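**Student:** Build the 3D model from these lines:
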Amino acid sequence: MGRWIGIALVAALALAAVPAHALAGSGDESATRSYVRANYMLVQAASSKLKTAEAAIANLAQRITGECANAAANSPEDPDSEQLSNEVIGAIVLTAYHTDVPAGTRFVRATAGLRWSSRVLTNAVQSYVSKIRVLTKLGPPNVCGDVRAWVASGYQTLPANTVRFDQQFMPNWVAIGELPNGLTPFERPDEASVIRRSGQDEYQITETEANAGVSTWDQVMNTLVLQP
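**Tutor:** Numbering: from 1, shown residues only. You can find the predicted model right below:
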């Protein structure tokens, strides 16, 4: 009996000395491979549609200018105006996202069931997947209609549409493309080029959002005469 207890103890100590990612084995590697591939396809699709997204954002700004220029003239700067500013941000972001909703849907379908031995990593990935799911399903808001409703109330009542939209959009607003650091131990050498290209595409997408998105937000806010 003592001999078997000794063997079991040695085995347990040896097991404890093995890194967690090594114990996880092919399950973690397989999940990582699936996620890396799905993420690459998502950012590649978004990168290929950057010009289309920029055009759609420009059209949004033109439409708001034509429909409700100066709609919020002389309006106060308060928590309500801040929420309407967030709605403008959401309208711009979703206009860009919705140039290729199927790509987001495919990403969610490919990654929603992925699990790792690390609960922290699984939660990080699934949190991101959940946010992409929301953004692909959430429709762009009616900025002009909501601003007009706020003005018509004498700036006393924020439209329920604005409140509801902000509650859905703001907590789920994420950039296209995400490779959590926790994936690194499970990445295979032959995935390095895909990961590198994903990073390049993500950078390009972020730059476009920073330039086109921010400038359009500024333009729309000035057109509406809405205080952030």
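**Student:** Trp217: what's it in contact with?
**Tutor:** 85, 88-89, 92 (C-beta atoms under 8 Å, 6 or more residues apart in numbering). The way it works is simple: take the backbone N, C-alpha and C, and place the C-beta from them, glycine included.
**Student:** which stretches of the chain form helices?
**Tutor:** 2-17, 20-24, 26-48, 50-68, 79-97, 101-111, 119-137, 143-152, 160-169, 192-208, 214-224 (DSSP state H).
**Student:** can you put these in JSON lines and add distance to Leu183 and mean pLDDT?
**Tutor:** Putting those into JSON lines (distance: least, C-beta to C-beta, whole Å; pLDDT from 0 to 100) gives the following:
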{"stretch": "helix 2-17", "distance to Leu183": "23", "mean pLDDT": "36"}
{"stretch": "helix 20-24", "distance to Leu183": "10", "mean pLDDT": "41"}
{"stretch": "helix 26-48", "distance to Leu183": "5", "mean pLDDT": "95"}
{"stretch": "helix 50-68", "distance to Leu183": "25", "mean pLDDT": "96"}
{"stretch": "helix 79-97", "distance to Leu183": "23", "mean pLDDT": "97"}
{"stretch": "helix 101-111", "distance to Leu183": "12", "mean pLDDT": "97"}
{"stretch": "helix 119-137", "distance to Leu183": "7", "mean pLDDT": "97"}
{"stretch": "helix 143-152", "distance to Leu183": "38", "mean pLDDT": "98"}
{"stretch": "helix 160-169", "distance to Leu183": "27", "mean pLDDT": "98"}
{"stretch": "helix 192-208", "distance to Leu183": "9", "mean pLDDT": "93"}
{"stretch": "helix 214-224", "distance to Leu183": "30", "mean pLDDT": "96"}
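**Student:** Backbone dihedrals for Ala112, both of them.
**Tutor:** Backbone geometry at Ala112, expressed as degrees, to the nearest 10, gives phi -60, psi -30.
**Student:** That one and Gln126 touch, don't they?
**Tutor:** Yes. Applying C-beta atoms under 8 Å as the test, Ala112 and Gln126 come out as touching, 7.5 Å apart.
**Student:** Out of these two, name the residue with the larger neighbour count.
**Tutor:** The residue with more neighbours, out of Ala112 and Gln126, is Gln126; 16 against 13, by other C-beta atoms under 10 Å.
**Student:** Excluding chain neighbours, what is closest to the most centrally placed residue in the chain?
**Tutor:** For the chain, the residue nearest the mean C-alpha position is Val174 (2.5 Å; C-alpha atoms, centre = their mean). Spatially, and ignoring its direct neighbours in sequence, Val174 is nearest to Lys131 (4.7 Å; C-beta to C-beta, 6 or more residues apart in numbering).
**Student:** I figured that neighbour hits Ala175, correct?
**Tutor:** No. Look at Lys131 against Ala175 with C-beta under 8 Å: they stay out of range, at 10.0 Å.
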